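J.: Please work out how this folds:
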Amino acid sequence: MTADDLRYKRRRPSGVIMTALSVASVGALALTIVALALPFMQPPDLSPQTLSVVENALSGSAIIVVLALLGGVPTGVLVGVGVAEGGGATARLARAASDVLAAVPPIVVGFVVYATVVLAVHGGSTAAGAVAIGCLVAPAVCRATLEQLAATPASLRDAAVALGGTRARVVAFVLVRSIAPDLVRAVSRTTARAVGAGAPLLFVTAAVAGSGDVADASRVAALPTAAFWLASAPGVDAGARANTVALVLVLVVAGLGVLGRRRRGPR
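T.: Predicted coordinates for the structure are as follows:
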């Protein structure tokens, strides 16, 4: 038994205790929140009209998030690879901009997109919502790319270069391919955040603002905005429908989060 094995064996009981305390703390907090919110909650409404609202909101969220991923993921990967492989002032500026954008609250992104896109075209749209969500996706993917490239063994790059690979081929067919599974999980976590980001969509989409008619198929209503407008509408039925939409949103975000937390073995 090596010295590392002995240290691990001594630290294992304390690690188990700390894990148990963490789980107990989170469980107690969750039970407290549920107990406080339970008197104000209503059972989900599964009427045809509510299911129509959920279907419209779910399809709207899918459209906005897919468009955001189509623009944000390639941009984030390309910027991340450029910053990791490049150098100089441009790479440092790109890294700083990525860090700043990743730390900006989503509501601020919504304000900026509203001022630059929505006012320019005189109205909100699905494309404006995709731009806002894409501004959240790109920095997160860029940071994930930088972290995974930094964790890639230098021997992998050296072996590819020794076999005669050019710099571009080594990056595209060796490094990026080696971190692809980790990037997929990072994109899954980012998608979970994008689906639940309701603050920017309230400013930039023309979905339900001012009307509250989230069942209208001609309007693209995302899950967070639909839950918000239904919760703000008067009447018991609206509250029950808001709870149903919110429950679907929680399940979608939780599912994407679980997929993003799956780990792989060592490279």
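J.: where's the nearest residue to V79 once chain neighbours are set aside relative to D99, distance?
T.: Computed as Cβ to Cβ, 6 or more residues apart in numbering, the closest residue to V79 that is not its neighbour in sequence is C142, at 4.8 Å. For every residue, glycine as well, the C-beta is placed using N, CA and C. Going from C142 to D99 by Cβ to Cβ, to the nearest Å gives 9 Å.
J.: how about the residue nearest to V79, what does it touch?
T.: For C142, the contact set (Cβ atoms under 8 Å, 6 or more residues apart in numbering) comprises T75, G76, V77, V79, G80, V83, S98, A102.
J.: element containing the fifth one?
T.: Under DSSP states H and E, the secondary-structure element containing G80 is helix 48-85.
J.: quick one: which two of the contacts of C142 are the most distant?
T.: Set against one another by Cβ to Cβ, those have their most distant pair in V77 and A102, with a gap of 14.7 Å.
J.: Which one of these two is surrounded by more residues?
T.: V77 (20 against 15; other Cβ atoms under 10 Å).
J.: what residues are up against the residue lying closest to the more buried one once chain neighbours are set aside?
T.: The spatially closest residue to V77, leaving aside those adjacent along the chain, is T145, at 5.4 Å (Cβ to Cβ, 6+ apart). T145 is in contact with G76, V77, V79, G80, V81, A84, I179, L183, A186, counting by Cβ under 8 Å, 6+ apart.
J.: Please enumerate the helices of the stretch 1-150 of the chain.
T.: With DSSP state H, counting those that start in this stretch as the criterion, the stretch 1-150 of the chain has helices at 3-37, 48-85, 88-103, 106-113, 119-121, 126-151.
J.: Find me the pLDDT at L69, would you?
T.: We have a pLDDT of 91 for L69.
J.: any idea how far the closest residue in space to it that isn't next to it in sequence is from L93?
T.: Once flanking residues are discounted, L69 sits nearest to V137: 6.2 Å by Cβ to Cβ, 6+ apart. From V137 over to L93 the distance is 20 Å, taken as Cβ to Cβ.
J.: Between these two, tell me which one has more neighbours.
T.: Neighbour tally, V137 and L93, criterion other Cβ under 10 Å: the higher count belongs to V137, 25 against 11.
J.: The more buried one contacts A68, correct?
T.: Yes. At 5.3 Å, V137 counts as touching A68 under the criterion of Cβ atoms under 8 Å.
J.: Now do the shared contacts for the two.
T.: Common neighbours of V137 and A68, counting by Cβ under 8 Å, 6+ apart, are A194.
J.: wait, what's in contact with L136?
T.: A68, G72, P106, V109, T190, R193, A194, A197, P200.
J.: Rebuild the residues you listed as TSV, extending it with distance to V53 and neighbour count.
T.: Formatted as TSV, the contacts of L136 follow (distance: Cβ to Cβ, whole Å; neighbours: other Cβ atoms under 10 Å):
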residue	distance to V53	neighbour count
A68	22	24
G72	27	27
P106	23	19
V109	26	23
T190	26	28
R193	23	17
A194	21	27
A197	20	24
P200	21	27
